[in-house]
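Engineer: Coordinates for the following, if possible.
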Amino acid sequence: MLDPGLLLGAYSVGVFPMADSRDANSIYWVEPRRRAILPLDGFHLSRSLRRVIAGDRFRVTVDRAFAQIIALCAESADDRPDTWINTMIEEAFVRLHALGHAHSVECWDGERLVGGLYGLALGRAFFGESMVSRAPNASKVAIAALVARLRAGGFSLLDCQFMTAHLASLGAREIDRVDYMELLGAALSSTGSSAASSAPSPAVDAGAGDFLALDTAAGADGAVPGKVVVQLLGHTS
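Structural biologist: Numbers count the residues shown, from 1 in each chain. Model (predicted):
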């Protein structure tokens, strides 16, 4: 069992867990020399993606189906026969979600969950863990919605861990560990999160970002209209 406090402490110093496979019965700790981040003022919103978001092709919610999202991320798929999310990691993040630290973004096509992502909020940093897409553009819409939410909530760092072509197309870039640690330290500096040894409610961190700030624009179904997301991303690259 992974202790929530141990996980928060690890993320606060730039370390995160992975497993060799879905069925692995242990985890290992990772501290990349090069780290992918997505600057919140540098999200690349293409014209085609803008149309998909503004047209509300998907209903986008947060924290409505966390357990389903992480389970979907852990599923094998044609382009990803195995994943690094084992039962230990899955259960630990479900606990962190119950404590208010881990969050999900969900994309729905009607009542069908077709994509999304999940991650950990700590201070003014958000650590994106995994994303999944079961419909064209679903993961891109989820990331766009996440960036808009982080901008609205006063976050300063979106950690993507490892660079991929998909992330690069959305504006992510790779930086050295020393530069990453400087950004992480700044994102945690006013919250006391860098010395996390337990898993208190996020409400005790007065300087933390507000992941739910954008919910004031959500409709009765919990979804923030795509036009609001596009407006928040309108002056990014």
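Engineer: by contact count, what packs against the strand of greatest length in the chain?
Structural biologist: In the chain, taking DSSP state E as the definition, the longest strand is strand 112-122. The criterion is 3 or more Cβ pairs under 8 Å, 6 or more residues apart in numbering; DSSP states H and E, and the helices and strands that strand 112-122 contacts are helix 4-12, helix 66-74, helix 87-98, strand 102-109, strand 125-133, helix 138-152. For every residue, glycine as well, the C-beta is placed using N, CA and C.
Engineer: Try it again at 6 Å.
Structural biologist: helix 66-74, strand 102-109, strand 125-133, helix 138-152 (3 or more Cβ pairs under 6 Å, 6 or more residues apart in numbering; DSSP states H and E).
Engineer: Quick check: mean pLDDT of that strand?
Structural biologist: Model confidence over strand 112-122 averages 97 on the pLDDT scale.
Engineer: Next, the angle from that strand to helix 138-152.
Structural biologist: Put simply, strand 112-122 runs at 40 degrees to helix 138-152, going by axes from the mean of the first three to the mean of the last three Cα atoms, to 10 degrees.
Engineer: angle of strand 112-122 against helix 4-12?
Structural biologist: In this structure, strand 112-122 runs at an angle of 80 degrees to helix 4-12, with the same axes, to 10 degrees as the basis.
Engineer: hang on, Cys160 is in a strand, isn't it?
Structural biologist: Yes: note on Cys160: a strand contains this position according to DSSP: H, G, I helix; E, B strand; the rest coil.
Engineer: Check whether it really touches Ser130, as I assumed.
Structural biologist: No: judged on Cβ atoms under 6 Å, Cys160 makes no contact with Ser130 at a distance of 10.5 Å.
Engineer: what about the two, which has more around it?
Structural biologist: For the pair Cys160 and Ser130, the greater number of neighbours falls to Cys160 (24 against 21), based on other Cβ atoms under 10 Å.
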